[in-house]
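[1] I would like to see how this sequence folds:
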Amino acid sequence: MDLLQTVVQDVPEAPLMSVRDAIRWAEFRLCQDGNAWIVDASVTPEGAIMAPEGTHCVRVLTLYLSDRVMAPGIDYEQLSPESVSIHRASGGDTFTARVAVKPTSNGNLPDSLRRQHFETLRHGATHRLLLLPQPWRNVEQAAYHERHFTAGINDAYRLSVYGQQQGARVQPRRFI
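    Numbers count the residues shown, from 1 in each chain. Next comes the predicted model:
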């Protein structure tokens, strides 16, 4: 079922435009606070991060000089979401970064991420709608959906920190 239809079933009195706005808000929060959308981006020697079209940078997760991982605070500092200050850069260096991004106001979250975080987005949009000062306002239900939304954001952040969104495998310890 489509995310829009699911949220409409949760809050049937809400107009479609409000539902779409709430879904977009939930997508922004998921990407901003949960690092749900991670991409590889090139970085200019001056430190400008070249985010893909339709996205804004949120934060740099890892910065690479060729294939070497650079240390934050020692090799570079992130001055703003869109730029880093590289401390030791020479003329021929090539930099890349793993960057958490969020969609622009006219950009869209990829369908694969929408499917992966379907329930989190649903709870976030429903939470947002149920707090609006409208006849359908229900603070108790909004608190229920907020708990699930926050848990989904925390799960997305945990997955981004531990690298599990990339299909990492853990080798079980041998039992002796």
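
[2] output the longest helix belonging to this protein.
    Determined from DSSP state H, the single longest helix within the chain is helix 139-162.

[3] in the protein, which spans are helices?
    Using DSSP H, helices in the chain cover 3-10, 16-34, 111-116, 118-130, 139-162.

[4] comparing those helices, which comes out most buried?
    Per residue and on average, the most neighbours among the helices of the chain fall to helix 118-130, with a mean of 24 (mean count of other C-beta atoms under 10 Å). In short, each C-beta sits where N, CA and C put it, glycine included.

[5] who touches that one?
    3, 6-7, 10-11, 14, 18-19, 22-23, 25-27, 29-30, 34, 114, 136-139, 141-142, 145-146, 148-149, 152-153, 155-156 (C-beta atoms under 8 Å, 6 or more residues apart in numbering).

[6] and the angle from that helix to helix 139-162?
    140 degrees (axes from the mean of the first three to the mean of the last three C-alpha atoms, to 10 degrees).

[7] what about helix 118-130, distance to the chain center?
    15 Å (C-alpha atoms, centre = their mean, to the nearest Å).

[8] could you dump it to CSV, C-alpha only?
    C-alpha atoms of helix 118-130 as CSV (Å, rounded to 0.1, in the frame of the first residue of the first chain):
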residue,chain,number,x,y,z
PHE,A,118,7.8,2.9,5.6
GLU,A,119,6.6,2.4,9.1
THR,A,120,8.8,5.1,10.5
LEU,A,121,7.6,7.6,7.9
ARG,A,122,4.0,6.6,8.5
HIS,A,123,4.3,7.2,12.3
GLY,A,124,6.1,10.5,11.8
ALA,A,125,3.5,11.9,9.4
THR,A,126,0.6,10.6,11.5
HIS,A,127,2.2,12.2,14.6
ARG,A,128,2.6,15.5,12.9
LEU,A,129,-1.0,15.5,11.6
LEU,A,130,-2.5,14.5,15.0
